[in-house]
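In: have a look at this fold, sequence not included:
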């Protein structure tokens with residue numbers, strides 16, 4: 001029996017990694033040892049004090065009932081207090097913070113709150129696929145903002161046609177950036193605030209990697225720029241700094257009208273996050289900063305191994321200041337897909353083609369640092385032995 005899919009599902013772009021996934025399956029079935037640098041999922045364990053808090057609160061029967069869709073006030077207060085300490089940003093936990101079942105959930109759902117069929121949304125390219133995916137499910141039309149190396153992988157707002165800017169209702173941004181590892185300073189965010197005011201655009205900033213940074217660099221929050229709360233919100237979570245991707249707990253913060261709308265939508269879609277998980281996230285947010293610093297020290301060592309290793313093979317990569325990704329150009333004569341297939345076939349190493357993040361990812365590939373040091377060194381050695389020096 002055939003069931004006709006809804007048009008919104010048909011409109012979603014196809015999965016671009018299908019061929020590479022098949023090659024991986026074939027190699028694994030043949031017993032080949034695959035090293036995957038493809039998935040950005042922290043491999044280090046969640047800190048023990050957070051795990052112990054979950055255990056304590058999971059045993060409390062008061063946490064076994066339906067939670068609030070918008071999150072416990074104590075959790076939202078912990079988020080607000082963290083913003084005050086980390087960024088100097090004042091947030092009212094009662095109406096400027098909403099709990100999310102991971103920031104991905106809120107990023108997808110915010111489009112349902114503000115976009116009607118046919119509306120225009122500004123989306124970074126390359127970028128996290130959920131920005132466009134959520135908008136497409138809401139019936140909106142993404143307008144892609146090219147992120148180019150010569151601009152530091154920041155969108156050039158002056159290049160956006162005036163008629164597009166006037167039509168746009170929302171803009172997604174993400175710094176520190178996935179997949180490029182680029183960072184944005186307060187001056188750029190101030191430019192975004194001016195642009196959003198001029199064209200009455202809601203800014204949705206994804207700050208998931210704000211705590212994964214190196215060499216003394218401290219990424220800025222969009223919300224710390226004057227006027228930011230008037231025009232937008234920021235998404236984040238405990239996933240990356242505390243190795244809690246599987247726990248699914250995050251937040252959105254900022255403009256109170258937008259936060260209310262997102263909370264209202266969520267009250268019709270889900271019943272919130274298990275309160276014991278909220279308490280565990282609070283333990284992370286209220287706990288010692290050294291936990292985050294230790295994780296970043298591990299990623300910094302891995303970053304140096306990977307970047308130095310690839311530079312010894314002919315690349316000229318700059319070490320990223322933030323995120324656990326390395327974004328690299330493909331050698332001469334290759335596309336993103338053909339080079340990824342070559343590396344998999346010859347070295348049994350998985351890298352992610354840049355085109356998986358949008359058309360402007362063509363000519364690049366992404367590597368993740370969420371693999372232990374020994375495996376990273378082995379990956380570099382395999383590429384050196386089986387592919388050798390490259391040309392650009």
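Out: Thanks, I have the structure now. Quantities reported herein were computed from a predicted structural model and do not represent experimental measurements.
In: tally of neighbours for residue 329?
Out: 18 (other CB atoms under 10 Å). For the C-beta atoms, the positions are set from N, CA and C on the backbone; glycine is no exception.
In: so what's it bridging to?
Out: Taking DSSP bridges, one obtains residue 364 as the residues bridged to residue 329.
In: pLDDT wise, what is it at?
Out: Listed pLDDT for residue 329 reads 98.
In: list the contacts of it.
Out: 315, 363, 364, 392 (CB atoms under 8 Å, 6 or more residues apart in numbering).
In: equivalent analysis for residue 339, please.
Out: 330, 331, 351, 353, 365.
In: C-terminal to the helix or strand hosting it, what's the next element?
Out: Assessed by DSSP states H and E, residue 339 sits inside helix 336-347. Next in sequence after helix 336-347, counting helices and strands by DSSP H and E, comes strand 349-350.
In: what's the farthest-apart pair in the contacts of residue 329?
Out: 315 and 363 (13.2 Å; CB to CB).
In: how much space between residue 153 and residue 34?
Out: Distance of residue 153 to residue 34, given as CB to CB, to the nearest Å: 29 Å.
In: mark out where each domain of this protein begins and ends.
Out: As given by automatic domain parsing, the domain ranges for the chain are 7-45+290-386, 48-286.
In: distance between the ends of the last one?
Out: Distance across domain 48-286, first residue to last, is 14 Å (CA to CA, to the nearest Å).
In: run the chain-centre distance for it.
Out: Centre-to-centre, domain 48-286 and its host chain are 10 Å apart (CA atoms, centre = their mean, to the nearest Å).
In: sec struct for the closest residue in space to residue 377 that isn't next to it in sequence, please.
Out: In this structure, residue 377 finds its nearest non-sequential neighbour in residue 305, 6.0 Å apart by CB to CB, 6 or more residues apart in numbering. Look at residue 305: counting by DSSP: H, G, I helix; E, B strand; the rest coil, its state is helix.
In: quick one on the thing from earlier: and the helix holding residue 339, what's its mean pLDDT?
Out: On average, helix 336-347 scores 94.
In: for that helix, buried residues please.
Out: Residues 336, 337, 339, 340, 341, 342, 343, 344, 347 are the ones in helix 336-347 that count as buried (16 or more other CB atoms under 10 Å).
In: which other residues reach the helix or strand of the chain with the lowest mean pLDDT?
Out: Across the helices and strands of the chain, mean confidence by mean pLDDT, DSSP states H and E is lowest for helix 18-29: a mean of 80. With contact meaning CB under 8 Å, 6+ apart, helix 18-29 is reached by 34, 36, 337, 340, 341, 344, 345, 348, 350, 353.
In: and the helix or strand that comes right after that helix, what does it pack against?
Out: Using DSSP H and E, the helix or strand that follows helix 18-29 towards the C-terminus is strand 35-36. Under the contact definition 3 or more CB pairs under 8 Å, 6 or more residues apart in numbering; DSSP states H and E, strand 35-36 sits against strand 349-350, helix 373-386.
In: what's the most buried one of those?
Out: Comparing these by mean neighbour count (mean count of other CB atoms under 10 Å), strand 349-350 comes out on top with a mean of 24.
In: listing partners with orientation, what would you give for that one?
Out: strand 35-36 (parallel).
In: name the surrounding residues that touch the partner strand.
Out: 24, 348, 349, 350, 371, 375, 378, 379, 382.
In: can you check stretch 350-359 too?
Out: Against stretch 350-359 from outside (CB under 8 Å, 6+ apart): 16-17, 20, 24, 34-38, 124-129, 132, 144, 178-179, 327, 335-337, 339-340, 343-344, 361-368.
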